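# Okay, predicted coordinates and the sequence, questions at the end:
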Amino acid sequence: MRIEILTLFPGMFSAVTGESRLGRAREREILDIALFNIRDYSLDKHKKADDYPFGGGAGMVMTPDPVFNALSRIGAEGKRLIYMSPRGRLLDRALIEELTREEKLLILCGHYEGIDQRILEYWQMEEISIGDFILTGGELPAMILVDSVARMAPGVIGSCAHDEESIYSGLLEYPQYTKPREYRGMEVPEALISGNHRIIHLWKFEESLRLTKERRPDLFEAFLAGREELDKDEKKILERVEGEKSCKLPLSAIK
């Protein structure tokens, strides 16, 4: 997969694209991430890329010429063109999976008060949002999009099953523990050290249910619709969590 990013601040991406899993994926040539400085395509002697908005208003707007020049020189035709914008389609699992299937993505990062509308119209750019809030520019949203899409590409995070991850499974993730078993008077839950894989699975399932009901009732309600796919013990736990505030199924009840 090749991801091209147009930005006024390419240095912001070095830590994200050069470290951790994305950095290793680039080293192994699973990912090809290319950064382009929009100012390099400005014909202004001062490399200016913004101006005052027509009609007034606070702040500056990115001018069309440098962006048009960049898109033409890079070769944007035939690629999926994305503009990070709070008024765009919300980035969710369905969209992430859709983008993962693309061979080439080109992401434009706006800054200041936004970009000239003619850029979006001429290049038929798809606007994508990461949430209902405003940031100083599109660089951070672009990093989130790149990380969420790239990590689902084959080979980036090994054999990890995405369907079991928090949110993607339909539930929030259960609490995690590691060594030591006791730390400052706090112990690892008995179920996780029982050695019984069934008990461990049901403990994780219950904790995920309880956290989801408390923090994301919308996800919990959606999960209830698929209860027929659960086994007997899972249904029993779900019924208890659904009906009680604190509702752990005793380990002795699991066989």
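Cool, got the structure.

# what about Leu43, how many neighbours?
The number of residues packed near Leu43 is 9, by other Cβ atoms under 10 Å. For the C-beta atoms, the positions are set from N, CA and C on the backbone; glycine is no exception.

# Please apply the same query to the one 3 residues further on.
Using other Cβ under 10 Å, His46 has 7 neighbouring residues.

# Need the per-residue pLDDT for it.
We have a pLDDT of 94 for His46.

# Show me where the chain has its helices.
14-18, 20-27, 64-74, 93-100, 117-123, 139-150, 197-215, 217-224, 232-243 (DSSP state H).

# and those, which is most packed in?
Counting by mean count of other Cβ atoms under 10 Å, helix 139-150 has the highest mean neighbour count of the helices of the chain, with a mean of 21.

# elements contacting that one?
Counting contacts by 3 or more Cβ pairs under 8 Å, 6 or more residues apart in numbering; DSSP states H and E, helix 139-150 is packed against strand 2-7, helix 14-18, helix 20-27, strand 80-90, helix 93-100, strand 104-108, strand 126-129.

# now these in JSON lines, with mean pLDDT?
Formatted as JSON lines, these follow (pLDDT from 0 to 100):
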{"stretch": "strand 2-7", "mean pLDDT": "97"}
{"stretch": "helix 14-18", "mean pLDDT": "87"}
{"stretch": "helix 20-27", "mean pLDDT": "88"}
{"stretch": "strand 80-90", "mean pLDDT": "97"}
{"stretch": "helix 93-100", "mean pLDDT": "95"}
{"stretch": "strand 104-108", "mean pLDDT": "98"}
{"stretch": "strand 126-129", "mean pLDDT": "98"}
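
# Adding distance to Arg215, write those out as JSON lines.
As requested, the helices and strands packed on helix 139-150 are exported to JSON lines (distance: least, Cβ to Cβ, whole Å):
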{"stretch": "strand 2-7", "distance to Arg215": "32"}
{"stretch": "helix 14-18", "distance to Arg215": "27"}
{"stretch": "helix 20-27", "distance to Arg215": "27"}
{"stretch": "strand 80-90", "distance to Arg215": "19"}
{"stretch": "helix 93-100", "distance to Arg215": "18"}
{"stretch": "strand 104-108", "distance to Arg215": "30"}
{"stretch": "strand 126-129", "distance to Arg215": "22"}
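
# Minimum distance to Gly155: which of the ones you listed has it?
Among these, the nearest to Gly155 by Cβ to Cβ is helix 20-27 (7.1 Å).

# Out of the helices and strands packed on helix 139-150, which gets nearest to Pro154?
When the helices and strands packed on helix 139-150 are ranked by proximity to Pro154 (Cβ to Cβ), helix 93-100 comes first, at 8.9 Å.

# what does that closest one contact?
Helix 93-100 has contacts (Cβ atoms under 8 Å, 6 or more residues apart in numbering) with Met1, Arg80, Arg89, Leu105, Ile128, Leu145, Ser148, Val149, Met152, Ala153, Ile167, Tyr168.

# one step back: next, format the helices of the chain as CSV and append distance to Leu172.
Shown next, in CSV, are those (distance: least, Cβ to Cβ, whole Å):
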stretch, distance to Leu172
helix 14-18, 25
helix 20-27, 22
helix 64-74, 39
helix 93-100, 14
helix 117-123, 35
helix 139-150, 17
helix 197-215, 5
helix 217-224, 7
helix 232-243, 13
